[in-house]
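> sequence-free structure coming up:
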């Protein structure tokens, strides 16, 4: 929710389970735990071994499934999806998993990521007489698979995956098989777990905890995993390179209780706060975090600095989709949105305000102002990640470059813009240290939006046709 | 929400504003900030000086007002209410403010509290031919006012208030006046604020922060405040006694950013944690709070003890009204409800688990088990308030005495029941110290549910006819 | 539906059943068959012998009960109501049956009719300290009953009935008894039927046919019928006078398959058409009725005149509550509302257009125009009842006198206004003949809205305070 | 609605308008008048010259559009559809018009009819790598058009139409053109009208009357009509044969006010009744029609026979989608569904009961029984069409052959089954005479379901793979 204010938007979550008689219900709970990754739509496709059936809708998982009859979704395997719109429209037809029925059987796809050459591929397919029903990248892959041969198998899927370029985690389901595939740079997260005899695949490990499953292993970059009643099988559609896990998964996107590529998110955030306190200390009375995503870093900062951590800003838990936004007039009168200052705490204090990241700066300015209106003497903003200066082509919806406050201003200038007494970022090295504590497991992170070093490029194309970011 | 699991239930919130052209909308935002005090129904009655109009409904404030047309609620004064059912049924007719229309004008009432002699008064009224439309205590007061004289004024209201016994904060509105009244012991909170020229009255001061209003003063025990276009006037319907503010408002009920009788709730909770660390230290690795209400105390405990505060339990933010509860079978498989453990943090650790209070113990047992299943070596439960041993007759819906785990078991026995390695409560003195830091302002607190010392009794009646607690 | 266009509005229907284990469901079907008597709200109160429970809502019977759980309405007796607003607002609180709970038990009331002295009685009750919750006439009776004594029985009910003046059919239910009462002039219909051992009471006999019950007898003017497990008992609260059944029940309000006071409505309408053909013949090609209520009269006219009856106007069956009314611009372009002409039939024809009545004339003008636009050569309007010249004080919502086209214009003038080639009404004698075929059973009809002879007046009051008609 | 009981189900309606700034709204009203042709879903696709936009939904036209914003459907051309499921599932994705977006523009299709070779064509398309999103016949045509060439024009559409076999009326829309096509035998109805400068196309002419448009001409068998801002153009994709308009359109499907292939439906039905009275007279007291579709024939029968027409059966107008069906137990107790007998009319009478057709006989049996229970002395059933003995392959959903009572029983046997005193059908010649009054215009009708003479067959296929009928 805060995301919308902030300008960084989540980028979908996928969930799959194979071999459990409560497949659809467990997928519901799994999706539920990943609700923060997409609130625009949700869906489940279930297989009973003979047929694929779908239940999808716009809105939160709860809304979509509150009238669902799980008896109608009987089956031992399921894939599910929560959607945030990165590419493609908002209509119900774009809600995933996409399900394609044909006389030879069904094909379901769920996708987290972004294809850089989707527009070109779509044009080629239409030239050949194909009709695409959605405006979603995901459908392109389905057509590529269908065009690769009469059957859907490892070969036709690998063939199709080799035509797409970008960052992606795919779940593909047929009546008798489920496939999980990760892009060659491993930018998006995808983990495998076990629940008794059943296999579970999910974007975040918090989905495993939610249903009582245990983590087994990561899907590897360029790997295509096949799950069926015969068990699990691994093939490779691209050579094994070093992994470049998205750094923003740690900074902001993932849930604090998830382990992303073996690293606990809360702990990594706390380390970001500790690093930040080392790099940019400040003389102050209290440390305050912007809820919810900056709390871990704020606690780390407090621990390292020895300053007390206080609840200086509160988030209203009941602000939902139907919340009536206050008019401009009422906001000027002082009516608050989702965050309120705690006057009894901030009044008369010098505050270190910890935020996980800063995109356009508008929210930061509002929060700083709010704290000062409530009596704060000084507000020192400390950002627990480096400045965001570049767009993301890998599935995260940030503002455009000209809107990115960090792309165009020094910390001092930002301080003036947002009204803070000082501003400091965590260094790039500091972020990397905080995430990659064990080099053997974590080969690397993608920090393209901060550094401009993009791990994947569109071969042979001079102009990057990415319209959204 | 957690409340339902816990067995302590909120007890309504009232809001009033006089003299602002956006009265209804501001009441909406005020009620919204007090949503935690009641989620079963909400309503607003507005006065345009000539007529009273109501909009009410079952459910959250958002749900009730999402289709409301505020243009139909034009007027410069309003009273609002969020409802949790302490007494009376759940039908729409019981949603407050109650509005009574007659040929001589309208009368609106909003109430937070509980009347101990409501049953008797209701019987007497019916004997006299009155028809009561609701099963709510609040309606009794309306009939008493009407029977006290042909006009509604300070005299008839005081006359009616002197017939009721219990804990209450009332807002009463006529076309041209608003009245605020507090019970003679001042058990329930009620504050007055200013927004420009307008007067605001609310159960919690967080409602003032929400709309940009400033705190002015408390309504005093036994005081009847009259607000009209001529300003504010104070009369007294009962002699001034020492105040006995409900301790549970600090421990659990109020929002951390509210000041209850001049004391900030978060700060009082942090002091409870600090006292608790002094009274009951434990050798452990990390401090974990049960979200959301125990976080402040946990941070206090961590600060005082020197142990790191960690996010060992996470609360799913998207669990709403439509969440499909997992079946017993799925729960046994490990599907979680609203709280999940963070395995990456608790595994292999000795944990101090801070909870604000413990009622029946069932939730505590579940959380302790969850932490141990996630690999915690030891779980030491520290409760940031004394044991609850007695029912509340003043508007808080707790379990019955035989269900209260603290009424029937020692800490050691509780440890065994809930599977904790040790259990300790905050002492009664410790709680009082944490709340009442400034004796001149805070004359005292009601801790009847812990100590059994009830500040208000039903005179001359041998049997207390209270069925709910 | 057509009613709204026309300006005569239905006036509620009541239904009761005693002694059947499917009481609530049968009441649902009974109300359903009387849906034409009120589409604004519906409700059922059921008694299981110990307690009264209600389910009510705004809208059609179907809408109100589509989510009802009849298991929650278990009980062997029920009263139900469909509501059209004659007096009182449109809020849910006014939907009947009204249910009043007290410590001595419940009391449910359902009412069809209108009280002429309700305003005065309401003022008196409020003077005495009573609080009325609704703006409905019906609640007045409940208060009068309660004030007449501590128990609700024949005596207190009769006492209350003797204080109200007007036209009414009441159903009153307590846990162990049901009462049916009819006003001393018997203006409104109320019949008793049997379904096995159970007793049924309904405004129209079509409700008996709907559930398979058989007609037993009429409730008589001034009679109070008591139904309980001991059987049926008749008392009298007013002396027996000649009955004055509302003529509009035959002309327009009742369903054609109902027998109103022993006379079948369709047959009486056909006789109106026959009388009309005798009184006002016309040289023409075809007879066309305005659907639905004028079809019977049109068939009668055709039979008597020897002209063919044709379907020259059609009514769209799917025009419901959610129908988007065409804008003025679209209506001028020719977009039709609920009625369309059948060009293939009316083109080049001289038409006798039969309508049951004419109120403001606006609809008639539109239909005549529509027929002419579709190619009709001549349109002769024949009205199967006398001109309406006076307001109704007995529960039918007509236009005010100045809007009544028949009060202010001769048939010739009306012809000019509505664009018809000729206009003729049925005579008063003709209508009476058509209804009262058997003088011994039907002592008389109320034709006050046509003749101005009101059978019931407000004694001792110089000014009639009736605002709606 | 009655259709469901009966077993003949409607078969969709299409509507198109070109060149009117209120295109979407007029389409709404046009669809509304054809609601009887399909109640499962409705949709409108609008073109503003640059882009196609859709609004679709499940349910009645009213339900689908009650929350639509017509401002979002701005444009000067539109196609619309009301759907009854003949082939294809019930999901929202099957609701028409189907809209296919591609980088070269949009393509919308609306269809009434049934393709006999759809299954085979679908298989061939999937073999070639096409992905079909719906289970609807209509999508097959879209793929055939796309595969016929890079552009959608008369040539590619004609090419595609020549591959499909069956009965169909298509509306196809691109940003700048609308196409209307009718199958070579002209089995389904499709007419062209004018509304000022705009062109209108509709399945039934009642849609023209609804919006004030005038009939211009029929679309001819094998004709492809192109409408654009340049006007109207006719091409031919199949040689001109004699037309075989579906006889059931007259007997039951179309609205009485429509002219189907120049013949008014009500008038044709009345002639069916007249013919029936000539062929099968009976000594009786009254003529009663089963509402609504048999009323015209009953009036014809009454006129010809000299017997009075009476309203002996009444249809409850308020039985909608949400009507709670009575349980078997309640039905046995006598609770009625949609039709009720009028006891006051049928009691003691010998009745000629006119029905338009008889499919399985179950409804007829219920009605005859109902009339006898209400006191009818004799019930003589006269069917205003010949016996239905064969399935329909052209878009009407009837029961299977073994369920067709007329396929397996003589009139005498049917009389015994349904409890009638006698049963007679209209002869085949009688039906043809009643419909085809002017041989030059109406070259012929398809009576395959009665005679077994199918005007269109699946070439070279021995087995007809039609599963539904």
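Noted; the coordinates are in hand. Nothing here was measured: the structure is a model prediction, and the numbers come from that model.
> going forward, measure contacts between C-alpha atoms and count neighbours the same way
Fine.
> list the contacts of the spatially most distant residue from the centre of chain A.
Distance from the C-alpha centroid of chain A peaks at residue A:348, with 37.9 Å (Cα atoms, centre = their mean). By Cα atoms under 8 Å, 6 or more residues apart in numbering or on different chains, the contact list for residue A:348 reads A:375, A:376, A:377.
> again with residue A:109
A:96, A:97, A:98, A:99, A:138, A:142, A:170, A:171, A:172, A:173 are the contacts of residue A:109 under Cα under 8 Å, 6+ apart.
> inside helices: which ones of those residues?
Those of those mapping onto helices are A:138, A:142, per DSSP state H.
> in terms of pLDDT, where does the one residue in the stretch 1-150 of chain A that gets nearest to chain C sit?
Closest contact between the stretch 1-150 of chain A and chain C, by Cα to the nearest Cα, is at residue A:67 (13.2 Å). The model reports residue A:67 with a pLDDT of 83.
> all helices of the stretch 351-469 of chain A, in order?
Using DSSP state H, counting those that start in this stretch, the helices of the stretch 351-469 of chain A run over residues A:362-373, A:405-408, A:411-418, A:428-435, A:448-451.
> cool, and the stretch 101-250 of chain A?
A:118-127, A:137-147, A:154-161, A:206-211, A:247-248.
> for those helices, which one ends up most surrounded?
helix A:206-211 (a mean of 26; mean count of other Cα atoms under 10 Å in any protein chain shown).
> need the contact partners of it.
A:26, A:29-31, A:33-34, A:193, A:200, A:202, A:214-215, A:255, A:257-259, B:333-337, B:340-341.
> what does stretch A:148-159 give?
A:145, A:146, A:160, A:224, A:226, A:235, A:237, D:127, D:129.
> as CSV, those with pLDDT and distance to residue B:109 would be great.
Below are those laid out as CSV (pLDDT from 0 to 100; distance: Cα to Cα, whole Å):
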residue, pLDDT, distance to residue B:109
A:145, 94, 66
A:146, 91, 67
A:160, 96, 68
A:224, 98, 66
A:226, 98, 65
A:235, 96, 70
A:237, 95, 70
D:127, 88, 72
D:129, 85, 69
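> which of these sits closest to residue B:304?
residue A:224 (51.4 Å; Cα to Cα).
> so that closest one is in contact with residue A:180, correct?
Yes. Between residue A:224 and residue A:180 there is a contact at 5.7 Å, judged by Cα atoms under 8 Å.
> how big is the angle separating the longest strand anywhere in chain A from helix A:118-127?
Secondary structure of chain A read by DSSP state E shows that its longest strand is strand A:105-115. Strand A:105-115 and helix A:118-127 meet at an angle of 140 degrees, taking axes from the mean of the first three to the mean of the last three Cα atoms, to 10 degrees as the criterion.
> in strand A:105-115, what's buried?
By neighbour count with 16 or more other Cα atoms under 10 Å in any protein chain shown, strand A:105-115 contains the buried residues A:106, A:107, A:108, A:109, A:110, A:111, A:112, A:113, A:114, A:115.
> how far off centre is that strand?
17 Å (Cα atoms, centre = their mean, to the nearest Å).
> ditto for stretch A:65-78
Centroid displacement of stretch A:65-78 relative to its chain, using Cα atoms, centre = their mean, is 26 Å.
> swap in stretch A:170-177?
22 Å.
> pLDDT weak spots in the stretch 301-450 of chain A?
For the stretch 301-450 of chain A, residues meeting the criterion pLDDT under 70 lie at A:319-322, A:398-399, A:437-443.
> ok, the residue farthest from the centre of chain A to chain B distance?
Using Cα to the nearest Cα, to the nearest Å, residue A:348 is found at 15 Å from chain B.
> the strands in the stretch 151-300 of chain A, which residues?
Taking DSSP state E, counting those that start in this stretch to define them, one finds strands in the stretch 151-300 of chain A at A:166-174, A:177-182, A:191-195, A:198-202, A:214-218, A:223-228, A:231-236, A:245-246, A:259-260, A:263-264, A:286-289.
> and the first one, average pLDDT?
The average of the pLDDT scores along strand A:166-174 is 96.
> just checking, what packs against that strand?
Applying 3 or more Cα pairs under 8 Å, 6 or more residues apart in numbering or on different chains; DSSP states H and E, we find strand A:166-174 packed against strand A:13-18, strand A:77-83, strand A:105-115, strand A:177-182.
> pull out the buried residues from the first one.
Buried residues in strand A:13-18, defined by neighbour count with 16+ other Cα under 10 Å: A:13, A:14, A:15, A:16, A:17, A:18.
> quick check: beta-bridge partners of the first one?
It refers to residue A:13. Residue A:13 forms beta bridges with residue A:82, as assigned by DSSP bridges.
> that one and residue A:33 touch, don't they?
No. Using Cα under 8 Å, residue A:13 is not in contact with residue A:33; the gap is 9.8 Å.
> enumerate the residues of the stretch 51-200 of chain A near chain C.
Within the stretch 51-200 of chain A, no position lies close to chain C (Cα under 8 Å from any Cα of the partner chain).
> which other residues reach the longest helix along chain A?
If you go by DSSP H, chain A has its longest helix at helix A:265-279. If you take Cα under 8 Å, 6+ apart as the criterion, helix A:265-279 is touched by A:250-251, A:254-259, A:294, A:296-305, A:382-385, A:425-426, A:430-431, A:434-435, B:311, B:345.
> ok, stretch A:306-322 next?
Against stretch A:306-322 from outside (Cα under 8 Å, 6+ apart): A:284-292, A:298-299, A:302, A:338-343, A:345-346, B:32-33, B:35, B:62-63, B:66, B:257, B:266, B:296, B:299, B:303, B:317.
> and chain A, split by domain according to the record?
A:2-242, A:260-433 (automatic domain parsing).
> may I ask which of the contacts of residue A:348 has the most neighbours?
residue A:376 (21 neighbours; other Cα atoms under 10 Å in any protein chain shown).
> look up phi and psi at it.
Backbone torsions of residue A:376, given as degrees, to the nearest 10, read phi -60, psi 140.
> I figured it was touching residue A:344, is that so?
No. Using Cα under 8 Å as the test, residue A:376 is too far from residue A:344 to be in contact (10.4 Å).
> quick one: end-to-end distance for stretch A:431-451.
12 Å (Cα to Cα, to the nearest Å).
> now do stretch A:189-205
9 Å.
> buried ones in that stretch?
A:189-195, A:198-205.
> show me what contacts residue A:110?
Residue A:110 sits in contact with A:14, A:79, A:80, A:81, A:96, A:97, A:98, A:138, A:170, A:171, A:172, where contact means Cα under 8 Å, 6+ apart.
> most neighbours among those, please name it.
Ranking these using other Cα under 10 Å puts residue A:81 first, with 37 neighbours.
> contact residues of chain A facing chain D?
A:100-103, A:123, A:126-133, A:143, A:146-147, A:150.
> nearest to chain D: which residue in the stretch 151-300 of chain A?
residue A:151 (10.2 Å).
> residues near that residue, how many?
If you count neighbours by other Cα under 10 Å, residue A:151 ends up with 14.
> now do the strands in the stretch 301-450 of chain A.
Counting by DSSP E, counting those that start in this stretch, the stretch 301-450 of chain A has strands at residues A:313-315, A:339-341, A:350-355, A:378-383, A:422-425, A:445-446.
> just list what the last one packs against, helices and strands only.
Yep, that's strand A:445-446 we're talking about. Against strand A:445-446 (3+ Cα pairs under 8 Å, 6+ apart) you get strand A:245-246.
> hang on, the earlier thing: can you tell me which of the contacts of stretch A:306-322 are buried?
By 16+ other Cα under 10 Å, the contacts of stretch A:306-322 give A:284-291, A:298-299, A:302, A:338-343, A:345-346, B:32-33, B:35, B:62-63, B:257, B:266, B:296, B:299, B:303 as buried.
> out of the residues you listed, list just those in helices.
With DSSP H as the criterion, helices contain A:298-299, A:302, A:343, A:345-346, B:32-33, B:62-63, B:266, B:296, B:299, B:303 from among these.
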